[in-house]
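Asker: Just the structure for this:
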Amino acid sequence: MDLITQAALGAVMGELVLGKKLGRPAIGWGALFGVLPDADAILAPFLDTAWDLKVHRGMSHSILLMLILTFALAKPLAKKWKRQKVTPQRAGLFVFLAWSTHVLIDCFTSYGTQALWPFSGHPVSFDNFFIIDPVFTLPLLVAVIWGLFIKKPQWKKGVGIRMASVCLGVSSLYVGLSFWAKYSVSNAVEGDLAGRSVEFERKMESPAPFSILLWRCLIERDGEVWMSYRSILDGDEPMMWTIYPKGGEALEKWSDVFEVNEIRRFSKDWCLARETPKGVWLVDLRFGEYREWDKRGLELRPLNFAWEYQPEGRGDKLKKADRDAREMGPMLERMWGRIWGEQDEWSDKPRLIGNPAVPQEVLGTVR
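Answerer: Numbering: from 1, shown residues only. Coordinates of the predicted model:
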């Protein structure tokens, strides 16, 4: 999740566990420990792309490190807060909650975390949240802002804790709604495909940006990945699917290359491959695409998670195309329309853009 959400959630944990003892400083301590797991990002400038994907949200997000730090920091923090009568047990509980809730909400996103490191590098992801969701974050910010204006005598009376509990409850209720929406969309996907007598090997659903109203759905079958969007307001309307040939031959050709295998691990093999003159173009299809419309139809351009592996390239062998500044307004406007059922305006006549080898690739559709 984004840094603001992580800091706000950590701050709320600080309020709940340390608020009566420390007062307002509990907010700052909570925010600090709420973002500490992302300290591994300072290594990014020193790593190439493949190793950055391998390291980020790895050890720093593992349950093992979480438990080690809980026990290692409990006594030093209790000693620091001795005058406020914070026990080692309370200090350890604070560290555990601030750290574990960071890892938990990162697991809600499609990026996932290596929570089982070092025993497994497989990302744990529940795919029920987009990385930025204002409805989840706003109640947490309300609790933080409210707490900043509460004086210490009120903290001792539990005023700040009550507000933090209410706001955390609202955000937690929204988490529950996200799982309900995912379950509903998953059933709709299965029903749509069963009605077409289409069999598939696996599937996933994840929210479109900023809410849980619109979901991006993927299935894999017969060397293809089918992609569609489903609104929780769609009712019984059939889904419109865009078909991506996966490029299995290209993936197998480069299967002995560390960088390519790391993309496949990171993407849980939800990736497509296209041969290029310099190597192979790889796209992680779990993440969204920038959409732009012209007279010929719809352009689908992968955003951040597309690379060209260049074996003869200098430096980092996974190259990203330069990102042009693009106007998001028309896409967000059509996304709003898609939530309310405007399917053709959102998905008709798709073409894949971004492959360094070809200007465009016309994609098939199933209605």
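
Asker: ok, now which ones touch residue 202?
Answerer: Contact analysis of residue 202 by Cβ atoms under 8 Å, 6 or more residues apart in numbering lists 219, 220. All C-beta atoms are positioned from the backbone trio N, CA, C, and that covers glycine.

Asker: Just want the phi and psi numbers for it.
Answerer: In terms of degrees, to the nearest 10, the main-chain angles of residue 202 are phi -160, psi 170.

Asker: From residue 289, how far out is it?
Answerer: Here residue 202 is placed at a distance of 20 Å from residue 289 (Cβ to Cβ, to the nearest Å).

Asker: Same question for residue 282.
Answerer: If you measure residue 282 against residue 289 using Cβ to Cβ, the figure is 15 Å.

Asker: what do you get for residue 278?
Answerer: Residue 278 sits 23 Å away from residue 289, going by Cβ to Cβ.

Asker: neighbour-wise, which of the two wins?
Answerer: Under the criterion of other Cβ atoms under 10 Å, the comparison of residue 278 against residue 289 puts residue 289 first, with 23 against 15.

Asker: tell me the contacts of the residue lying closest to the more buried one once chain neighbours are set aside?
Answerer: In space, not counting the residues next to it along the chain, residue 289 is nearest to residue 300; the distance is 4.7 Å by Cβ to Cβ, 6 or more residues apart in numbering. The contact partners of residue 300, taken as Cβ under 8 Å, 6+ apart, are 242, 289, 290, 291, 350, 351, 352, 353, 363.

Asker: Among those residues, which lie within strands?
Answerer: 242, 289, 290, 291, 350, 351, 352 (DSSP state E).

Asker: State the distance from residue 348 to residue 150.
Answerer: Distance, residue 348 to residue 150, by Cβ to Cβ: 53 Å.

Asker: out of these two, which sits in the busier spot?
Answerer: Higher neighbour count among residue 348 and residue 150: residue 150, with 19 against 14, using other Cβ under 10 Å.

Asker: Need phi/psi at the more buried one.
Answerer: The phi and psi values for residue 150, taken as degrees, to the nearest 10, are phi -90, psi 130.

Asker: Grab the nearest non-local neighbour of it.
Answerer: Distance criterion Cβ to Cβ, 6+ apart; nearest residue to residue 150, sequence neighbours excluded, is residue 160 at 4.7 Å.

Asker: just checking, next helix/strand downstream of the host helix or strand of that neighbour?
Answerer: When secondary structure is defined using DSSP states H and E, the element that contains residue 160 is helix 159-195. Downstream of helix 159-195, the first helix or strand assigned by DSSP H and E is strand 202-207.

Asker: what lines up beside that following strand in the sheet?
Answerer: In the sheet, strand 202-207 lines up against strand 214-221 (antiparallel) (DSSP bridges).

Asker: What segments of this protein are helices?
Answerer: All helices of the chain, identified by DSSP state H, fall at 3-22, 25-35, 49-55, 63-80, 88-107, 134-148, 152-156, 159-195, 248-253, 258-266, 329-339, 344-347.

Asker: What lies in contact with the shortest one?
Answerer: What it means is helix 344-347. By Cβ under 8 Å, 6+ apart, the list of residues contacting helix 344-347 from outside reads 228, 229, 240, 242, 291, 298, 334, 335, 337, 338, 365.

Asker: From those residues, list just the buried residues.
Answerer: The neighbour-count test (16 or more other Cβ atoms under 10 Å) marks 228, 229, 240, 242, 291, 298, 334, 335, 338, 365 as buried among the contacts of helix 344-347.

Asker: Reformat these as TSV; add pLDDT and distance to residue 184.
Answerer: Formatted as TSV, the buried ones among the contacts of helix 344-347 follow (pLDDT from 0 to 100; distance: Cβ to Cβ, whole Å):
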residue	pLDDT	distance to residue 184
228	97	15
229	97	14
240	96	18
242	97	22
291	94	24
298	94	26
334	94	23
335	95	19
338	95	17
365	95	24
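
Asker: so what does the worst-scoring helix or strand of the chain on mean pLDDT touch, helix or strand wise?
Answerer: Of all regular secondary-structure elements in the chain, judged by mean pLDDT, DSSP states H and E, the least confident is helix 152-156 with a mean of 87. Using 3 or more Cβ pairs under 8 Å, 6 or more residues apart in numbering; DSSP states H and E as the contact definition, the elements that helix 152-156 packs against are helix 3-22.

Asker: Distance from the helix it packs on to the middle of the chain?
Answerer: 22 Å (Cα atoms, centre = their mean, to the nearest Å).

Asker: What helices and strands are in contact with that helix?
Answerer: With contacts taken as 3+ Cβ pairs under 8 Å, 6+ apart, helix 3-22 sits against helix 25-35, helix 88-107, helix 134-148, helix 152-156, helix 159-195.
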